[in-house]
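Engineer: Make a model of this:
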Amino acid sequence: MQSKANTGYKATFSVGDNASPTDYTQMAELASIKPSNFSIPAIDTTHLQSPNATEEMIPGLIKPGTIALSGNFTGDTSQLNISQLAQTQSVFPWKITSPINKGTQVYTAIGFGFIAKYETGPFEPNKKIDFAADIQITGNITETVV
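Structural biologist: The predicted structure follows:
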């Protein structure tokens, strides 16, 4: 069977407002969107009578992950908003979209988060200026494909 894989070309990351319905603003000139949706710690429940001399574990609570963003720094208002969101310690809605299934469907992930890290530069004579930001996800995410 032939693969239905896609590249990340045309994927977007957007920051939402608190209106109903949410209005999203796409972040300009992103080169990479890397979500780490969540992790689940293993909780050791081993006891002296654990079967077959084997440690036992159960899943812990879901720990929300992060979204790493990077791109070309242009000073666009969508990029400068990162600093404002951090300074106000805002928890905001976010959305990731990407074509999938050979471009026949669209993947969407939505959730809430806050700015955990923001970097600009380096500022060098023969290199474009970059920016990077990390979003700390604050709860569950919702993924859909249509």
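Engineer: now the helices for this protein?
Structural biologist: Using DSSP state H, the helices found in the chain span residues 77-87.
Engineer: Tell me which residue is most central in it.
Structural biologist: In the chain, the residue lying closest to the centroid (C-alpha atoms, centre = their mean) is residue 67, at 2.6 Å.
Engineer: Tell me what the closest residue to that one other than its chain neighbours is bridged to.
Structural biologist: Nearest in space to residue 67, with sequence neighbours left out and distances taken as C-beta to C-beta, 6 or more residues apart in numbering, is residue 135 at 4.2 Å. All C-beta spots, glycine's among them, are computed from the backbone N, C-alpha and C. Counting by DSSP bridges, residue 135 forms beta bridges with residue 67, residue 115.
Engineer: neighbours around residue 135, how many?
Structural biologist: 25 (other C-beta atoms under 10 Å).
Engineer: Could you list the buried residues of stretch 95-113?
Structural biologist: Across stretch 95-113, burial judged by 16 or more other C-beta atoms under 10 Å covers 95-99, 107, 109-113.
Engineer: let me fix that: stretch 23-40
Structural biologist: 24, 27, 30, 33, 35.
Engineer: In strands, which of these fall?
Structural biologist: If you go by DSSP state E, the buried residues of stretch 23-40 have 24, 30, 33, 35 in strands.
Engineer: pLDDT and distance to residue 82 for those - can I get that in TSV?
Structural biologist: Output for those, formatted as TSV (pLDDT from 0 to 100; distance: C-beta to C-beta, whole Å):
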residue	pLDDT	distance to residue 82
24	98	15
30	98	12
33	98	14
35	98	17
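Engineer: need the residues you listed in a markdown table with distance to residue 55, can you?
Structural biologist: As requested, these are arranged in a markdown table below (distance: C-beta to C-beta, whole Å):
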| residue | distance to residue 55 |
| --- | --- |
| 24 | 45 |
| 30 | 43 |
| 33 | 37 |
| 35 | 31 |
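Engineer: Out of the residues you listed, flag the one nearest to residue 71.
Structural biologist: residue 30 (4.1 Å; C-beta to C-beta).
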